[in-house]
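Visitor: give the three-dimensional model of this entry:
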Amino acid sequence: MKSIAVLGSSGSIGQSTLAVVRSLPRQFKIVALSVNSDIVKLKQQIREFQPKLVCVRDPRAAAKLRASLGSSIKVFCGPEGLDELVKDKNIQQVMVAITGSAALAPLISAIKSGKEIALANKEALVMAGAMVMRLAREHKVLIRPVDSEQSAIWQSLGGQGAANVRQVYLTASGGALWSLPRSKFKQVTIAKVLRHPRWKMGKKITVDSATLMNKGLELLEAMFLFNLGVEKIKVLIHPEALIHSMVEFNDGVIMAQLSVADMRIPIQYALSYPKRLPSALAGIDFYGLSKLHFAKPDLSKFPCLAFAYQAARDLGTMPAVLNAANEASVDRFLAKKISFLTIPKIVEKVMRRHTRIASPNLNQIMCADAWAREEALALAC
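Guide: Next up is the predicted model:
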């Protein structure tokens, strides 16, 4: 039985991870959970899974939880507490399901502690992919991707190295606005943006899906995870979301991973690798399929993807700046402070203002992240 810590257990991926564990009680045991501030949901999870350790990022919420639990469970608090939690010797594998840049520090701590990593957060690799992958190699840690597209590439590669790859096709559903004319983007509401046609996800990632920034972040993530140059990765719009990505090898053979659109599938594989455990989820009904559609992304309609390609070519601190400016802009959009069309405008302006550092250390990456957020928030006023 594998002992698992779920960071971000109140979010969409965190809850899906717990659903996988619930379905396979003889294979996995939850020993640690973390949330940002949702202690109501955390208490429910504690009652069901009985972890020994929990962490709450918000200090006030952590104090309330500690008072209600007594001394039966160790309660950590804040970013420092999360770093300490992942080092616990009873944890074998860490599911990193925290959204945004907040995942970077605990991910690094977990790698340095030699834990198995299931990575559902893309921003940490976008910000500091070269550093994270170097640490993973040094500590002999395999990072098992949980994003459906990254999991598909990982599975399609089948252990083959980047030298054998001609092209990777990173598929995208197109998000909520793919079929909407750009002329109507000015009237787009938050509710419309959050109505994803295929996936049920958190608000931030759903907005990123609508701008195609999510695919841009996955482009950067794939570069670092699989040691690929940006020229080897093409984004392919695939509205049915059945093919989760494809790898074309040097001999022209293409391997693809197909499954129904359910995050429990890549989550379970990341937890069980190299085993493929049984699942009660339905497979694809090929007899019921009539057509599969593919299209080239329109970078003029979705400029955030073009900005991500630029950051992928520039590297250094530019991916961190891209990510931070986007996070801040999406936050302002969800708070009804800016329009949907303002998101790419802010990202572009912040990237243009940034003086790139070619080979940054962690402190320089975090400084670039903080600077970009301040710039984006100033532009959003």
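Visitor: could you use CA atoms for every contact and neighbour count after this?
Guide: Noted.
Visitor: surely Gln257 is within a helix?
Guide: No: when classified by DSSP: H, G, I helix; E, B strand; the rest coil, Gln257 is found to be strand rather than part of a helix.
Visitor: so who does it touch?
Guide: Residues near Gln257 by C-alpha atoms under 8 Å, 6 or more residues apart in numbering: Ala152, Ile153, Gln155, Ser156, Ile243, His244, Ser245, Met246.
Visitor: among those residues, which lie within helices?
Guide: The members of those that map onto helices under DSSP state H are Ala152, Ile153, Gln155, Ser156.
Visitor: quick one: contacts for the second one?
Guide: Contact partners of Ile153, counting by C-alpha under 8 Å, 6+ apart, are Val168, Ser245, Met246, Val247, Ala256, Gln257.
Visitor: tell me the one among those residues nearest to Asp58.
Guide: Proximity of the contacts of Ile153 to Asp58 (C-alpha to C-alpha) peaks at Ser245, which lies at 36.9 Å.
Visitor: can you list the contacts of Ile153 in JSON lines and add distance to Phe185 and pLDDT?
Guide: Conversion of those to JSON lines gives the following (distance: C-alpha to C-alpha, whole Å; pLDDT from 0 to 100):
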{"residue": "Val168", "distance to Phe185": "30", "pLDDT": "98"}
{"residue": "Ser245", "distance to Phe185": "28", "pLDDT": "98"}
{"residue": "Met246", "distance to Phe185": "31", "pLDDT": "98"}
{"residue": "Val247", "distance to Phe185": "33", "pLDDT": "98"}
{"residue": "Ala256", "distance to Phe185": "33", "pLDDT": "98"}
{"residue": "Gln257", "distance to Phe185": "33", "pLDDT": "98"}
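Visitor: from the contacts of Gln257, which two are the most distant?
Guide: If you compare every pair in these using C-alpha to C-alpha, the most distant one turns out to be Gln155 and Ile243, at 12.3 Å.
Visitor: for these two, indicate the residue with more neighbours.
Guide: Neighbours were counted for Gln155 and for Ile243 using other C-alpha atoms under 10 Å; Ile243 has more, 23 against 20.
Visitor: pLDDT at that one, what is it?
Guide: Listed pLDDT for Ile243 reads 97.
Visitor: bridged to it, which residues?
Guide: Leu258 (DSSP bridges).
Visitor: ranges for the helices of the stretch 151-300 of the chain?
Guide: The residue ranges that make up the helices of the stretch 151-300 of the chain, judged by DSSP state H, counting those that start in this stretch, are 190-193, 203-211, 213-226, 264-272.
Visitor: closest to Val35 out of those?
Guide: Closest among the helices of the stretch 151-300 of the chain, once you apply C-alpha to C-alpha, is helix 203-211, at 16.2 Å.
Visitor: pull the residues that contact the closest one.
Guide: Under C-alpha under 8 Å, 6+ apart, the answer for helix 203-211 is 174-178, 193-196, 214-215, 302-305, 327, 330-331.
Visitor: please enumerate the strands of the stretch 251-381 of the chain.
Guide: Read by DSSP state E, counting those that start in this stretch, the stretch 251-381 of the chain holds these strands, from start to end of the chain: 254-258.
Visitor: for burial, what's the neighbour tally of Ser16?
Guide: Using other C-alpha under 10 Å, the number of residues around Ser16 comes to 19.
Visitor: correction: Ala335
Guide: A count of neighbours around Ala335, defined by other C-alpha under 10 Å, yields 10.
Visitor: now it: how far from Leu292?
Guide: From Ala335 over to Leu292 the distance is 36 Å, taken as C-alpha to C-alpha, to the nearest Å.
Visitor: okay, now the domains of this structure?
Guide: Per automatic domain parsing, the structural domains of the chain span 2-141, 150-261+294-379.
Visitor: pLDDT of the first one, averaged?
Guide: Put plainly, it is domain 2-141. The predicted model gives domain 2-141 an average pLDDT of 96.
Visitor: first-to-last residue distance for it?
Guide: Chord length of domain 2-141, first to last residue, is 16 Å (C-alpha to C-alpha).
Visitor: and for the longest one?
Guide: Using C-alpha to C-alpha, one end of domain 150-261+294-379 lies 33 Å from the other.
Visitor: how distant is stretch 215-234 from the center of its chain?
Guide: With C-alpha atoms, centre = their mean, to the nearest Å as the basis, stretch 215-234 stands 14 Å off its chain's centre.
Visitor: nope, stretch 15-29 is what I meant
Guide: In terms of C-alpha atoms, centre = their mean, the centre of stretch 15-29 is found 20 Å from the chain centre.
Visitor: now do the end-to-end distance for it.
Guide: Taking C-alpha to C-alpha, the span from the opening residue of stretch 15-29 to its closing residue is 14 Å.
Visitor: for that stretch, buried residues please.
Guide: Gln15, Ser16, Thr17, Leu18, Val20, Val21, Arg22, Leu24, Phe28, Lys29 (16 or more other C-alpha atoms under 10 Å).
Visitor: give me the neighbour count for the closest residue to Pro344 other than its chain neighbours.
Guide: In space, and not counting its chain neighbours, Pro344 is closest to Cys304: 5.7 Å by C-alpha to C-alpha, 6 or more residues apart in numbering. Neighbours of Cys304 under the rule other C-alpha under 10 Å: 26.
Visitor: what of the one 3 residues further on?
Guide: Taking other C-alpha under 10 Å as the neighbour definition, Phe307 ends up with a count of 20.
Visitor: nearest spatial neighbour of it, chain-adjacent residues omitted?
Guide: Glu348 (7.0 Å).
Visitor: surely Ser9 meets Gln15?
Guide: Yes: at 5.8 Å, Ser9 and Gln15 qualify as touching, with contact defined as C-alpha atoms under 8 Å.
Visitor: can you give me the neighbour number for Ser3?
Guide: For Ser3, the count of nearby residues is 16 (other C-alpha under 10 Å).
Visitor: ugh, wrong one, Asn361
Guide: Neighbours of Asn361 under the rule other C-alpha under 10 Å: 14.
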